[in-house]
Every structure is written in structure tokens, then in C-alpha cells.
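> Sequence and computational prediction follow.
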Amino acid sequence: MEIDRRAFIGSLGGVAAVQAMSPNARAEALEHYMIEQLNSSEGINEEDNATLPFYDPERPVPRGTGRLFAENKNLKPMPAKPTLVDFFELRFAPARHVLQSAARAIKTGQPERTVLACLLHDTVLSLIKPDHGWWGAQLYEPYVDERVSWGIRYHQALRFFPDPEVGYEYPDFYNRIFGKDYEPDAHLQAAHKKARDHKWYMEARLITMNDEYSFDREAKVSIEPFIDIIGRHFKQPAEGLGGDDSPSSHMWRTIANPNRPL
Ligand SMILES: [Fe+2]
Ligand SMILES: [Fe+2]
């Protein structure tokens with residue numbers, strides 16, 4: 001994807017604001033910016049455009065918050081017992097980045113567990129951006145194989161660390177925008193080290209290897225091809241996500257109704 005450097009810096013509040021951010025925060029902001037750009041690309045139907053808070057440089061959401069907190073009074077109501085697919089269609093949509101990443105995981109021959117991890121890995125960005133690996137892992141932990149949420153937790157840190165042995169290179173666009181001289185924050189270095197020595201390392205590494213930012217206006221993305229995988233690997237609660245009293249039910253309720261005052 002081509003990045004408009006000036007538009008990106010503008011979206012963060014200008015050069016001074018960018019200089020005040022830590023290099024790691026800048027790199028993460030760039031990644032989120034690219035996801036927003038993907039989501040605001042053409043190929044989205046008019047109804048979605050009218051109701052979903054796409055990235056708008058004139059009216060950015062406060063830094064760190066997800067698109068659900070953009071000024072928007074028109075979020076569609078959720079069904080009484082919402083499923084994961086409902087959340088994809090009504091809150092995460094268009095979710096192009098994760099749908100493309102999951103499609104790539106299928107294309108590269110990954111097992112269904114990894115396809116699911118790719119499908120879910122960045123969805124929590126609709127809610128919150130800092131430390132999204134950890135937030136995302138907690139959101140999904142009660143409903144997926146432990147290896148899936150483990151992979152989601154550590155993918156965030158692994159993005160910053162190349163692994164030539166498996167063909168994962170440091171993202172070139174980080175170099176282009178921020179220069180070559182920055183180091184990830186200490187907690188990310190520690191998380192990388194911990195993941196590197198863990199028997200489930202590849203669960204997280206494969207998510208980073210299937211991260212897909214390509215900007216293909218023709219590509220139609222849909223949750224449809226993944227519904228069977230969700231059915232087999234996601235423990236959908238009968239009460240609906242948010243009504244099930246799991247350790248992350250409150251997060252699902254917040255995603256469903258981000259505008260509640262308390
Ligand atoms: Fe991510
Ligand atoms: Fe990603």
C-alpha cells in the first residue's frame with residue numbers, strides 16, 4: 001500500500017505531535033492508519049458508508065481509541081443474542097485487513113486454527129489501539145483454543161522483530177516512515193523474547209506472516225468463507241456474546257454499545 005506521509009502525519013495532529021510520540025507509538029499508529037485506509041477504500045456499499053465510522057482526516061477519533069468511538073449516532077442495533085458473525089457484520093465491518101489476512105492464511109495452507117487467529121487478530125482495534133495484542137487476547141480467550149489467543153497476544157510484539165529463518169522480514173514501511181534507528185519499547189522486547197523461547201512461537205509468528213495490507217480495490221472481502229471455520233473453532237455462547245458472564249463479556253457489551261455513559 002502506498003502511504004501518503006503528509007496525510008498520515010496530519011492524522012496524528014501534525015509534525016510536533018508526531019515528534020512527541022515514542023517511536024514505537026508512531027510505528028503502531030502507522031499500522032492502524034493503514035488499516036483505516038484499507039477500511040475506507042472503495043468497494044464498501046453505500047449503507048455501510050452511511051453508518052460506519054470510517055477514517056476521516058477532518059474528524060479523527062481521539063488517538064488510541066477505536067473507530068467505534070468516532071462521532072457516530074447511527075450504529076446499527078445488535079440482535080438480542082449476538083454471535084461473532086453479527087459482530088463482524090455490525091461492528092467490525094468492513095474489517096478488510098483481517099479478512100484479507102485470513103484469506104491469505106488459507107492460500108498459504110495454514111490450519112483452520114491459524115486461519116481463525118488471523119481472522120481475529122486485529123479486530124479489537126475497533127475498540128482500542130494501544131497494546132491491542134493483549135486486549136485482543138483477553139477478548140477472545142474464553143471462546144477459542146488457548147493457542148489462538150496466545151498467538152493474538154504476541155503477534156503485536158513479533159511485528160517488530162524479523163525472523164529470517166521463517167522468512168519474516170521487518171516491515172519495510174516502518175523504515176521508510178520512521179527511519180532505521182528506533183527500538184521497540186521494553187515490554188515489546190520482553191514479549192518477543194518470551195514468545196521466541198515458547199513452544200507456541202509459530203502460533204504468533206504465523207499471524208505476522210499472513211498480515212495483509214495489500215490495497216486491492218477489486219478484491220471483495222466477506223466473512224462468508226469463514227463461517228464454517230468459526231462454527232468449528234469458536235465457542236459461541238448460547239446467551240450471546242456479552243450476555244454470557246465470561247471474563248470478557250463486558251468488552252463485548254462495550255463493543256455493542258460504545259456510547260453508553262457508564
Ligand atoms: Fe496487529
Ligand atoms: Fe494485522
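Looks like it arrived, so ask away. Numbers count the residues shown, from 1 in each chain. Ligands and ions are numbered 1, 2, ... in the order given.
> would residue 183 count as being in a strand?
No - with DSSP: H, G, I helix; E, B strand; the rest coil as the criterion, residue 183 is coil rather than part of a strand.
> And for it, the neighbour number?
Other residues within reach of residue 183, judged by other CB atoms under 10 Å, total 11. C-beta coordinates here come from the backbone N, C-alpha and C atoms, glycine included.
> List the contacts of it.
Going by CB atoms under 8 Å, 6 or more residues apart in numbering, residue 183 touches 23, 189.
> Near ligand 2, which residues of the protein are found?
When proximity is defined as CB under 5 Å from the ion, the chain approaches ligand 2 at 122, 211.
> Give me the nearest residue to the residue nearest to the spatial centre of the chain, chain neighbours excluded.
By CA atoms, centre = their mean, the chain has its centre lying nearest to residue 122, at 1.6 Å. Distance criterion CB to CB, 6 or more residues apart in numbering; nearest residue to residue 122, sequence neighbours excluded, is residue 98 at 5.4 Å.
> Which helix or strand contains the one you found?
When elements are defined using DSSP states H and E, residue 98 is found to belong to helix 96-107.
> Going by neighbour count, which residues of that helix are buried?
Using 16 or more other CB atoms under 10 Å as the test for burial, helix 96-107 gives 96, 97, 98, 99, 100, 101, 102, 103, 104, 105, 106.
> Next: stretch 171-183.
171, 173, 174, 177.
> Please report how far the third one lies from ligand 2.
Which is residue 174. 13 Å (CB to the ion, to the nearest Å).
> do the same with residue 15
For residue 15, the distance to ligand 2 (CB to the ion) stands at 26 Å.
> what pLDDT does residue 106 get?
Note for residue 106: predicted pLDDT of 96.
> Surely it is in contact with residue 115?
Yes - applying CB atoms under 8 Å, one finds residue 106 in contact with residue 115, separated by 5.7 Å.
> ok so, going back, what helices or strands is the helix holding residue 98 leaning on?
Counting contacts by 3 or more CB pairs under 8 Å, 6 or more residues apart in numbering; DSSP states H and E, helix 96-107 is packed against helix 23-39, helix 112-120, helix 201-210.
> roughly how far out does that helix sit from the chain middle?
In this view, helix 96-107 has its centroid 12 Å away from the chain centroid, taken as CA atoms, centre = their mean, to the nearest Å.
> Ramachandran coordinates for residue 65?
Residue 65 adopts backbone torsions of phi -90, psi 160, taken as degrees, to the nearest 10.
> chain center to stretch 79-91, what's the gap?
Distance, centroid of stretch 79-91 to centroid of chain: 17 Å (CA atoms, centre = their mean).
> which residues touch the one residue in the stretch 1-150 of the chain that gets nearest to ligand 2?
The stretch 1-150 of the chain approaches ligand 2 most closely through residue 122 (4.3 Å), counting by CB to the ion. When contacts are counted by CB under 8 Å, 6+ apart, residue 122 touches 35, 97, 98, 101, 132, 136.
> tell me the contacts of residue 168?
In this structure, residue 168 makes contact with 158, 162, 205, 208, 209, judged by CB under 8 Å, 6+ apart.
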